[in-house]
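A.B. asks: sequence unknown, structure follows:
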């Protein structure tokens, strides 16, 4: 079992419910931002410190891994370790994921968004009152149009919904599942295979950064073979 605690966050699980129930429609792309001034580490880059969280969230929400990545990063405070990075992940069904991580941005962000054809859902880990908001807005392309005036009618405006999220400590949920798995033999959500998947993506991201943003294919399967 690995420590992907965000998979046990009630707001992230609510996002998963929105995706699985089709509330968002066809998924177009996912976007995440983790920025703040520090904590500056000298043993690992910001990429390896922060990006695994969002990679695990993306894979959990979509139920699949990316097939390739492209990333750029820079070490402004330490030339040997990236403290800023922009990461693009490419999934089947034309879904794109984007992650921005930074230790040098004074604007602290901890957000994950999923944008679909019917709505988008935003998880803001810093908003204690509304951790999750669903924006029921989108563009409908299910009927033909012949001019711009008719096209405007296809734009759909709806409510902004803030669903109730039960307050619970994710780390406590992780520990409880660990105990349950020991007692019953149940397979944990964040099992070893899940950890391997994230590390495999992270290695591809690092390779892409070292190659100046060149796309890198990600081996598929538990053993990393196609």
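C.D. replies: Arrived safely. Since this is a predicted model, take the numbers as computed values, not measurements.

A.B. asks: need the contact list for residue 168.
C.D. replies: For residue 168, the contact set (Cβ atoms under 8 Å, 6 or more residues apart in numbering) comprises residue 10. Where you see a C-beta, it was placed from the backbone N, CA and C, and this is true even at glycine.

A.B. asks: for residue 110, same thing?
C.D. replies: Neighbouring residues of residue 110 by Cβ under 8 Å, 6+ apart: 33, 34, 124, 125, 126.

A.B. asks: repeat for residue 34
C.D. replies: By Cβ under 8 Å, 6+ apart, the residues touching residue 34 are 50, 51, 53, 54, 99, 100, 101, 102, 109, 110.

A.B. asks: Try it again at 6 Å.
C.D. replies: By Cβ atoms under 6 Å, 6 or more residues apart in numbering, the contact set of residue 34 is 50, 101, 110.

A.B. asks: Distance from the chain centre to the lengthiest strand in the chain, please.
C.D. replies: Assignment by DSSP state E gives strand 104-116 as the longest strand of the chain. Distance of strand 104-116 from its chain centroid, counting by Cα atoms, centre = their mean, to the nearest Å, is 10 Å.

A.B. asks: Partner strands of the very next helix or strand once past that strand, with direction?
C.D. replies: Where DSSP states H and E defines the elements, the next helix or strand beyond strand 104-116 is strand 120-124. Next to strand 120-124 in the sheet, as set by DSSP bridges, lie strand 104-116 (antiparallel), strand 132-135 (antiparallel).

A.B. asks: State the mean pLDDT of strand 120-124.
C.D. replies: The average pLDDT for strand 120-124 rounds to 97.

A.B. asks: In that strand, which residues are buried?
C.D. replies: 120, 121, 122, 123, 124 (16 or more other Cβ atoms under 10 Å).

A.B. asks: Would you list the phi and psi of residue 74?
C.D. replies: phi -140, psi 150 (degrees, to the nearest 10).
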